[in-house]
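Visitor: Sequence and predicted structure below; questions after.
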Amino acid sequence: MTPIRIGTRGSPLALWQARHVADLLRSVDPHFVVELVEIETVGDQVRDVPLVQLGGEGAFTKAIQQALLDRRVDVAVHSLKDLPTFAVDGLTLAAVPKRGPTGDAFVSKKHRGFAALPAGAIVATSSLRRKAQVLHRRPDLKLVDIRGNVDTRLRKLIEQDLDATILAQAGLVRLGLADQITEVLDPVWMFPAVGQGALGLECRSEDTGTLAIVGRLNDAWARWSVLAERAMLRGLGGGCHVPIGARTRIASGVLTLMGVVLPPNGAQRIEADVAGPMQEAEMLGKRLADELLRRGAAALLSEPEA
């Protein structure tokens, strides 16, 4: 049987995700032969500057997408929150497997929780979304950039004597580091990133055989949720490195999508929500974007980073 080649970044978390997808494929048919192909992205090559200075969009995905187009791999495994919302000619989002935890994890070796942080405490995160929401709630805190894989960030927390850092809950759980989580921040005020906790499996549009195989890994609720969130982000004209957050809930076939937009300094906060049939996910996302823009979101998104 011809191997299914999975393109992935080489970080521990990316490799966990790729191996997870390989296991899912083998659970569909144990005869599938799966190979992992590690690909270095711009985001992996340059680790000492904020992602927004790398152009942000596609820093962790473009090289893997190019490998797909060049037929060096058959499936690309992305952290969906890193995947730009604009379509790439010749590529298709083939599946979104069951979603992992969507929360943001507060990690501290000094304080029992976010509310216990003293005035002026130093919190590390490279995410403009997290920075803006933290500053909106606690403008007295000092936010600093941090880059690197999960283990590197946890090590820097100690080495740099930081008060805390904020990481994706899903990444810590997937790497067996859930015991490092001090607190999962309340999503009522810390909205997750669009697509957080979800994986996106991308294939060539013409590769009907692989599309059929990979499509069997799709989780309908996860896909509807992320389609709604990504449509909202696309409608706002934002990318994966802007202060935009989203929360989705599906119950009895009804999808409720909540969105938030802030300026980088967190001085303002605009929220709105919509609800409707989950099959209308993308239309709901566009409706929510329109409502956020009507409430003044464009002005906030145009403000420069503090």
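Guide: Nice, I can see it. Numbers count the residues shown, from 1 in each chain.

Visitor: From now on I want contacts and neighbour counts done on CA atoms only, so please keep to that.
Guide: OK.

Visitor: Where does pLDDT dip in the stretch 51-200 of the chain?
Guide: Across the stretch 51-200 of the chain, the stretches falling below the confidence threshold (pLDDT under 70) are 51-58.

Visitor: in it, which spans are helices?
Guide: Taking DSSP state H, counting those that start in this stretch as the criterion, the stretch 51-200 of the chain contains helices spanning 62-69, 128-137, 150-159, 169-174.

Visitor: Please identify the buried residues of the first one?
Guide: Under the neighbour-count criterion of 16 or more other C-alpha atoms under 10 Å, helix 62-69 has 62-65, 67-69 buried.

Visitor: Name the residues that touch that helix?
Guide: Contacts of helix 62-69 with the rest of the structure, by C-alpha atoms under 8 Å, 6 or more residues apart in numbering, involve 7-9, 39-42, 73-76, 90-91, 203-204.

Visitor: again, only this time at 6 Å
Guide: With contact meaning C-alpha atoms under 6 Å, 6 or more residues apart in numbering, helix 62-69 is reached by 41, 73-74.

Visitor: residues in contact with the residue nearest to the spatial centre of the chain?
Guide: Central residue check for the chain by C-alpha atoms, centre = their mean: the C-alpha nearest the mean position is that of K81, 2.4 Å away. Residues in contact with K81 (C-alpha under 6 Å, 6+ apart) are 194-196.

Visitor: any idea how far L13 is from it?
Guide: Here the distance between K81 and L13 works out to 14 Å (C-alpha to C-alpha, to the nearest Å).

Visitor: next one: G253
Guide: 32 Å.

Visitor: These two: which is more packed in?
Guide: In terms of neighbours (other C-alpha atoms under 10 Å), L13 is the more surrounded of G253 and L13; the figures are 19 against 12.

Visitor: Assign a three-state SS to that one, would you?
Guide: helix (DSSP: H, G, I helix; E, B strand; the rest coil).

Visitor: same question, P264
Guide: Criterion first, three-state DSSP; result for P264: coil.

Visitor: What confidence value was assigned to it?
Guide: In the predicted model, P264 carries a pLDDT score of 93.

Visitor: Just give me the neighbour total for it.
Guide: One way to gauge burial is a neighbour count; for P264, by other C-alpha under 10 Å, it gives 25.

Visitor: That one contacts Q133, doesn't it?
Guide: No. If you go by C-alpha atoms under 6 Å, P264 and Q133 don't touch, sitting 8.7 Å apart.

Visitor: related to what we said a few turns ago, what's the closest of the contacts of helix 62-69 to D151?
Guide: Nearest to D151 out of the contacts of helix 62-69 is T41 (C-alpha to C-alpha; 18.7 Å).

Visitor: ok, now how distant is the closest one from V184?
Guide: 29 Å.

Visitor: got it, and L217?
Guide: For L217, the distance to V184 (C-alpha to C-alpha) stands at 28 Å.

Visitor: Next: A212.
Guide: From A212 over to V184 (counting by C-alpha to C-alpha), the distance is 37 Å.

Visitor: ditto for L262
Guide: Applying C-alpha to C-alpha to L262 and V184 gives a distance of 21 Å.

Visitor: again, but for I4
Guide: For I4, the distance to V184 equals 36 Å [C-alpha to C-alpha].

Visitor: G7 too?
Guide: 31 Å.

Visitor: Same drill for those two, tell me which one is more crowded.
Guide: A count of neighbours by other C-alpha under 10 Å puts G7 above the other of G7 and V184, at 28 against 19.

Visitor: ok, that one - contacts?
Guide: Applying C-alpha under 6 Å, 6+ apart, the residues near G7 are 37, 73, 76.

Visitor: Try it again at 7 Å.
Guide: Counting by C-alpha atoms under 7 Å, 6 or more residues apart in numbering, G7 makes contact with 36-39, 64, 73, 75-77.

Visitor: buried ones in stretch 79-95?
Guide: Buried, per 16+ other C-alpha under 10 Å, within stretch 79-95: 79-85, 91-95.

Visitor: let me fix that: stretch 197-216
Guide: The neighbour-count criterion (16+ other C-alpha under 10 Å) identifies 197-204, 210-211, 213-215 as the buried residues of stretch 197-216.

Visitor: Nothing else from me, thank you.
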